[in-house]
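In: Provide a 3D model corresponding to the input given below.
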Amino acid sequence: MDFFAPLASHPWAYPALEAVHIVGIALLLGNLVALEMRVFGFAAALPAEALARLSLGLALAGFGLAAASGLLMFATQPLELIANRFFVVKMGLLALAGCNAGWFHGRDSLRKLDRLARVQMLLSTAIWLTVVVCGRWIAY
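Out: This is a model prediction of the structure:
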């Protein structure tokens, strides 16, 4: 018996996982966009590092929700998903997003708030929006 079969067959389990996944994405992307706005000079009265502590903490919580629910959804149909090119692209983009975040924080971009920091934030948002688009295409 497949351990994860009840998730796929229960009338509300999979939709509940999808809802948790969407909430996680909203927390992640919403907080990254708020931080991006600050990096671009909006709300300059807010200290960037203080806003980053709040928004990145919430973004990480969102990522945790999205990752946990995503792994459970993946477990219900791993072979079909691995064969789906949008899923494969999505996973590659997630790795790229992680590398970009490591680069952003590794070069201390929050303290610099320079042109490269803005490029990194735009790249981050573009990657995450593309992840969302790929996620929607997986269903089709």
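In: could you use CA atoms for every contact and neighbour count after this?
Out: Will do.
In: could you check how far L35 is from L54?
Out: When distance is defined by CA to CA, to the nearest Å, L35 is 9 Å away from L54.
In: the more surrounded of the two?
Out: With neighbours defined as other CA atoms under 10 Å, L35 and L54 compare such that L35 has more, 24 against 12.
In: counting contacts, what elements does the longest helix anywhere in the chain pack onto?
Out: Longest helix of the chain, by residue count under DSSP state H: helix 48-76. In this structure, helix 48-76 makes packing contacts with helix 5-9, helix 13-39, helix 109-112, judged by 3 or more CA pairs under 8 Å, 6 or more residues apart in numbering; DSSP states H and E.
In: for that helix, buried residues please.
Out: The neighbour-count check on helix 48-76 (16 or more other CA atoms under 10 Å) flags 48, 52, 55-56, 58-70, 72-76 as buried.
In: quick one: contacts for N100?
Out: Under the criterion of CA atoms under 8 Å, 6 or more residues apart in numbering, the neighbours of N100 are 120, 123-124.
In: which residues of the chain score low on pLDDT?
Out: For the chain, applying pLDDT under 70 flags the ranges 1, 3, 8.
In: again, only using 90
Out: The model of the chain has pLDDT under 90 over residues 1-15, 39-41, 110-111, 113, 139-140.
In: contacting residues for the closest residue in space to N31 that isn't next to it in sequence?
Out: Using CA to CA, 6 or more residues apart in numbering and skipping residues adjacent in sequence, the residue nearest N31 is S55, 5.0 Å away. Contact analysis of S55 by CA under 8 Å, 6+ apart lists 31-32, 34-35.
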